[in-house]
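[1] Need a 3D model of the following:
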Amino acid sequence: MLSDEARASIGALIYLTSLEKIPNNAIDRALTRVVYDPLSRVTPAQRLAHVREALECSLNLSQVGPPVPHSNDSLRAYLAELARRIEQNAEKFAIVIDPKKKLPTNVENDVIKLLEPLAAAKNPNDALDLLIDEIVSQWDYIKDFYDAEQLIRFALKSNVALSSLVQTPHSEDQVRCYLRNAAWRIEEAWMAK
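    All right, here's what the predicted structure looks like:
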């Protein structure tokens with residue numbers, strides 16, 4: 001039996017096989033769009049644990065998630081190869097900050113706007129509230145929300161020292177965590193509109 005978290009996680013990975021004749025053809029897309037997506041609410045380590053949980057259970061994996069044209073055996077082979085590649089590629093997807101790197105000017109200016117509440121607030125949670133109340137609440141179009149999500153994804157995938165863009169006492173990891181949480185809060189704000 002799969003936990004609810006594992007079922008959702010595996011369902012997302014299996015969904016990617018739906019347009020492939022061979023499930024393993026979806027592995028690269030699964031790695032970049034699901035496992036190592038910087039906005040994912042599931043870490044790569046958690047995702048790997050979910051894959052292992054699925055491989056250890058006796059559940060027919062073709063019945064997990066949306067319907068796909070693949071057998072249980074082919075989905076198990078896909079997940080086994082995906083687990084191997086997650087373990088093998090962890091360093092490839094790790095972001096090593098380069099203090100000399102810069103974002104393109106227009107992107108940097110937009111990221112700074114999203115980081116300004118972090119510089120003004122006492123803590124990241126207050127900064128998120130400021131971001132939603134003072135910036136996001138002014139947005140009327142889905143494009144604004146979508147652009148912000150893509151901007152955050154781009155910034156988080158970069159090796160730019162984002163913490164250097166605004167005056168803040170927070171570490172690079174804290175700034176990146178703030179941006180990840182900001183993307184989730186922006187998504188929630190859009191869903192509430």
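
[2] Residue 100: helix or strand, and which one exactly?
    Using DSSP states H and E, residue 100 sits in no helix or strand.

[3] And it, how close does it get to residue 155?
    Residue 100 sits 17 Å away from residue 155, going by C-beta to C-beta, to the nearest Å. Using the backbone N, CA and C atoms, a C-beta is placed for each residue, glycine as well.

[4] Looking at these two, which has the bigger crowd around it?
    residue 155 (23 against 7; other C-beta atoms under 10 Å).

[5] wait, isn't residue 179 in contact with residue 154?
    No. Under the criterion of C-beta atoms under 8 Å, residue 179 makes no contact with residue 154, lying 10.5 Å away.

[6] Need the residues touching each of the two.
    With contacts taken as C-beta atoms under 8 Å, 6 or more residues apart in numbering, residue 179 and residue 154 have no neighbour in common.

[7] what about these two, which has more around it?
    Per other C-beta under 10 Å, whichever of residue 179 and residue 154 has more neighbours is residue 179, with 23 against 16.

[8] OK, contacts around the more buried one?
    Counted by C-beta under 8 Å, 6+ apart, residue 179 has contacts 114-115, 152, 155-156, 162.

[9] of all the residues you listed, which two lie farthest apart?
    Farthest apart among those by C-beta to C-beta are 115 and 156. That separation is 12.3 Å.

[10] out of those two, which sits in the more crowded spot?
    residue 115 (24 against 20).

[11] Poorly predicted segments of the protein, please.
    Of all residues in the chain, none has pLDDT under 70.

[12] And it, what are its domain boundaries?
    The record's domain split for the chain, according to automatic domain parsing, is 4-93, 105-192.

[13] residues contacting residue 36?
    Counted by C-beta under 8 Å, 6+ apart, residue 36 has contacts 44, 93.

[14] C-terminal to the helix or strand where residue 30 lies, what's the next element?
    Per DSSP H and E: residue 30 is located in helix 27-30. Counting by DSSP H and E, the next helix or strand C-terminal to helix 27-30 is helix 44-56.

[15] how about that following helix: buried residues?
    Neighbour counts over helix 44-56 (16 or more other C-beta atoms under 10 Å) mark 44, 47-51, 53-55 as buried.

[16] From the geometric centre of the protein, which residue sits farthest away?
    Centroid-distance maximum for the chain: residue 58 at 28.9 Å, with C-alpha atoms, centre = their mean.

[17] Next, find the distance separating that residue from residue 64.
    In terms of C-beta to C-beta, residue 58 sits 12 Å off from residue 64.
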